[in-house]
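Trainee: my questions are about this predicted structure, shown below with the sequence.
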Amino acid sequence: KFFQLQKISPHISAFWLLLLSLKNFQRINPAMAFENEETEETLTCLLMTLYHPKQEEKQVFCDLSFSQCQQVRADDVVVFGRDSNACHFNLRDKCVSRIQFALQFFRRFDNSEFGFEIKNLSKRAKLFVNDVELSYLNKIDLPENAIVCFGDYEILMEKQGGRSENYFEIRFELADHSLLLDRNLPLRQPVSESGISYIASPVEMDENEWEISHKSQTD
């Protein structure tokens with residue numbers, strides 16, 4: 001057949017030879033056609049929609065990159081707070097604790113799904129995850145959809161599932177109106193660990209300084 005093809009046209013014979021060689025190679029490597037599907041893993045993405053009533057005036061989110069996925073190692077503990085040297089994501093606001101809260105990626109024990117846990121690292125303010133109140137060092141598994149609140153901050157966290165166990169992604173979006181009011185939920189009064197509501201303009205204070213100040217008030 002090869003010699004018959006050569007008599008017809010050298011171009012056609014070369015084409016058939018190429019097809020035959022590809023067919024034989026695929027027979028030896030049957031997974032070649034699915035290589036991209038097998039090696040490419042989707043990343044779990046945590047979409048965080050942020051709201052602060054004075055964002056336009058104070059620009060508290062100015063250090064964050066919006067509308068783009070940021071890849072994070074799966075074993076990294078992602079910290080949010082005021083201290084840019086200690087936190088992965090910085091909130092430029094004197095009312096925010098030096099270290100406010102942390103997120104950690106994990107695989108669930110009873111199945112192959114991945115999730116996040118959130119821990120309150122602030123000694124000054126309580127953290128609310130939906131209706132659950134977290135004091136200092138309290139932590140909880142983050143629901144698939146949750147509104148996280150502290151001070152005047154409202155953050156809608158939505159998990160989009162993935163398969164990779166090496167990395168995950170975080171994506172920030174900015175809301176122009178209250179996430180609580182949007183869902184007909186009551187606004188929360190910012191509450192400190194002492195149970196006393198914050199004044200309108202809190203004085204800049206580190207956690208250790210706050211402890212000393214609070215101790216003197218209760219003595």
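Mentor: Structure received.
Trainee: what helix or strand is L181 on?
Mentor: Assigned by DSSP states H and E, L181 belongs to helix 179-182.
Trainee: quick one: the strands in the protein?
Mentor: 44-51, 69-73, 77-81, 89-90, 101-107, 114-120, 127-129, 132-134, 139-141, 145-150, 153-160, 167-174 (DSSP state E).
Trainee: for R183, which of those is the nearest?
Mentor: strand 145-150 (7.4 Å; CB to CB). In short, each C-beta sits where N, CA and C put it, glycine included.
Trainee: what lines up beside that closest one in the sheet?
Mentor: strand 127-129 (antiparallel), strand 153-160 (antiparallel) (DSSP bridges).
Trainee: tell me the most buried of the ones you listed?
Mentor: Of the strands paired with strand 145-150, the one with the most neighbours on average (mean count of other CB atoms under 10 Å) is strand 127-129, at a mean of 21.
Trainee: give me the contacts around it.
Mentor: 100-101, 118, 120, 133-134, 138, 140, 142-143, 146-150, 188 (CB atoms under 8 Å, 6 or more residues apart in numbering).
Trainee: isn't C87 right next to F80, touching?
Mentor: Yes. In this structure, C87 is within contact of F80 by CB atoms under 8 Å, at 5.9 Å.
Trainee: what residues are shared contacts of the two?
Mentor: Residues touching both C87 and F80 (CB under 8 Å, 6+ apart): Q100.
Trainee: between those two, which is the more surrounded one?
Mentor: Using other CB atoms under 10 Å, the more surrounded residue of C87 and F80 is F80, with 25 against 21.
Trainee: may I have the beta-bridge partners of the more buried one?
Mentor: Bridge pairing for F80 - DSSP bridges - gives F89, F101.
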